[in-house]
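Trainee: sequence and predicted structure are below.
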Amino acid sequence: MQSQIEGVAQKLYNKTRQHCFFFYLPTIPLHIQTGSTRATAIFFDLTQDFLGFYDIFNLMVTNLPEKAKAKWAEAIAARDPATKLRLLKEFYSSFSKHKGTERLEKSIKRQISSLEDEVERARSKRRGSSRLEWVVKKGELTQLAVVGTLQTATSFFNLLTKSDIKAHESLMRPILGVFKGAGVQFQLIVVPFDRRVGEGKLERFMNLARNADGMLIVLGYEPLSYTQDVIDCFESHNMDIRSDYPKVEIAQTPSGGIRIVGSSKACDEREIADFISGYKIRNAVVKITYDSTLEDVESALFGRIVKKAVFVALRGDRIDQLRSLLPDLLLLDSTLSPDKLALHILKRFDLIRIYTKVICGETASKPLLMKKGAKAIDVAEEIHKEMARFFRYARVWRGGDPKGVRVGRSFELRDGDVIEIHSS
């Protein structure tokens, strides 16, 4: 019987691990002896119930009908917002609604709502309407959405930007400002998450947050349930604000078939390729991580993104309770200077500061913000495409070295490096 138990236990483990659910096997009393037919029957009855429970969770991948998958393929291929809106509505009505499709339903409803706003804005422009636009174009600065209750978000924005914005002003128009620290600048935008402002305005703020490069989520004197409400709301808008990286990234290509980059412990390349092909996608590069599942692949197909966030607590008396939910939490006290906050933001968003230097000239006072792992050629590309095209070599100064070192195009840079590009 022991070998039977071990075999079934392994089967359960293999099935459940790919969906990241953890269950406990029924405890087998120690006095059960090998060969006990009754004990074996009880164990396998319990096991079958367990596998039935697994089958319920196996529906987490929505298993849409072929008609719905074909309609989705049409919708994501459409470029005209009005056409995409029509196709998304047709897609929404093409599948049955049940427990396994709840998250998908919410996601599609949000996308439909966003497209309806976009189509209406286009119509207003054609009519010459002066209706206030809730669209903010990002400039050169990294844009961060300041998220919190109406009063908390506005107060924190004022503190960082040295402004005097009143809370009600953020309900009338997008409020922008600049936060300076550690020699860099960030563009901040007030994005209240406050149920009192109404669903219409909340949707506008969610769209602003989605468009931003990242978020500063400020927790003040709200109940602890507010934090979970924020996380859940972004989740329902297809934004993961607690992960460090996306588990799956899908980029459609004009040719080449479906190519898988990486590997997963939960599903193999053929399963992933077949799953994506089921949505009428023939050519794509799919980047996966070791812990990704088919559910993560489906979420990526339906537009799920990772939106990095820095969580800041304004109160120290609840810091332990908050850190049980948010381990990487900053406390706003006398030790958190603007420079420390800026450095934490850079680290959280995998950004490094690179200072450029003119040949035989001065070093720039403002650094370029580059992704961690950037190489010398990436800086040349950032400065000018022609400089990258005719790149010969670069000289890099690091850690106060007065001489610097000559490097090639693939040299990896670090935060604080000074670089001088030489091109022909």
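Mentor: Perfect, I can see it now.

Trainee: pLDDT-wise, which helix or strand of this structure ranks last?
Mentor: helix 37-57 (a mean of 39; mean pLDDT, DSSP states H and E).

Trainee: now do the helix or strand following it: which elements does it pack against?
Mentor: The element immediately downstream of helix 37-57 (helix or strand, assigned by DSSP states H and E) is helix 66-77. Applying 3 or more CB pairs under 8 Å, 6 or more residues apart in numbering; DSSP states H and E, one finds that helix 66-77 makes contact with helix 81-92. Any C-beta I mention is one placed from the backbone N, CA and C, and that applies to glycine too.

Trainee: next, the contact list for the residue nearest to the spatial centre of the chain, please.
Mentor: Closest to where the C-alpha atoms of the chain average out (CA atoms, centre = their mean) is residue 306, at 0.6 Å. Contacts for residue 306 (CB atoms under 8 Å, 6 or more residues apart in numbering) come out as 239-241, 243-246.

Trainee: just the buried residues of these.
Mentor: By neighbour count, with 16 or more other CB atoms under 10 Å, those hold 239-241, 246 as buried.

Trainee: report the longest helix in the chain, please.
Mentor: helix 102-127 (DSSP state H).

Trainee: check which residues of it are buried.
Mentor: So helix 102-127, judged by 16+ other CB under 10 Å, has buried residues 103-104, 107-108, 110-115, 117-119, 121.

Trainee: any idea which of the buried ones among the contacts of residue 306 is closest to residue 357?
Mentor: Nearest to residue 357 out of these is residue 246 (CB to CB; 35.0 Å).

Trainee: give the contact list for the closest one.
Mentor: Neighbours of residue 246 in contact, by CB under 8 Å, 6+ apart: 240, 300, 304-306.

Trainee: this protein: helices as residue ranges?
Mentor: Under DSSP H, the chain gives helices at 2-17, 37-57, 66-77, 81-92, 102-127, 150-161, 199-211, 225-236, 269-277, 294-301, 319-325, 338-348, 376-383, 385-389.

Trainee: quick one: residues in contact with the third one.
Mentor: Contact with helix 66-77 is made by 64, 84, 87-88, 90-91, 94-95, 278-281, 301, as judged by CB under 8 Å, 6+ apart.

Trainee: just the buried residues of these.
Mentor: Members of the contacts of helix 66-77 classed as buried by 16+ other CB under 10 Å are 64, 84, 87-88, 91, 94-95, 278-279, 281, 301.

Trainee: could I get these as CSV with pLDDT?
Mentor: Listed next are the buried ones among the contacts of helix 66-77 as CSV, based on pLDDT from 0 to 100:
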residue, pLDDT
64, 84
84, 85
87, 86
88, 85
91, 86
94, 84
95, 84
278, 88
279, 86
281, 88
301, 88
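
Trainee: of all the residues you listed, which two lie farthest apart?
Mentor: 84 and 278 (20.8 Å).

Trainee: quick one on the thing from earlier: can you lay out the contacts of helix 66-77 as JSON lines showing distance to residue 143?
Mentor: Putting the contacts of helix 66-77 into JSON lines (distance: CB to CB, whole Å) gives the following:
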{"residue": "64", "distance to residue 143": "35"}
{"residue": "84", "distance to residue 143": "25"}
{"residue": "87", "distance to residue 143": "30"}
{"residue": "88", "distance to residue 143": "27"}
{"residue": "90", "distance to residue 143": "34"}
{"residue": "91", "distance to residue 143": "31"}
{"residue": "94", "distance to residue 143": "36"}
{"residue": "95", "distance to residue 143": "36"}
{"residue": "278", "distance to residue 143": "36"}
{"residue": "279", "distance to residue 143": "32"}
{"residue": "280", "distance to residue 143": "34"}
{"residue": "281", "distance to residue 143": "31"}
{"residue": "301", "distance to residue 143": "27"}
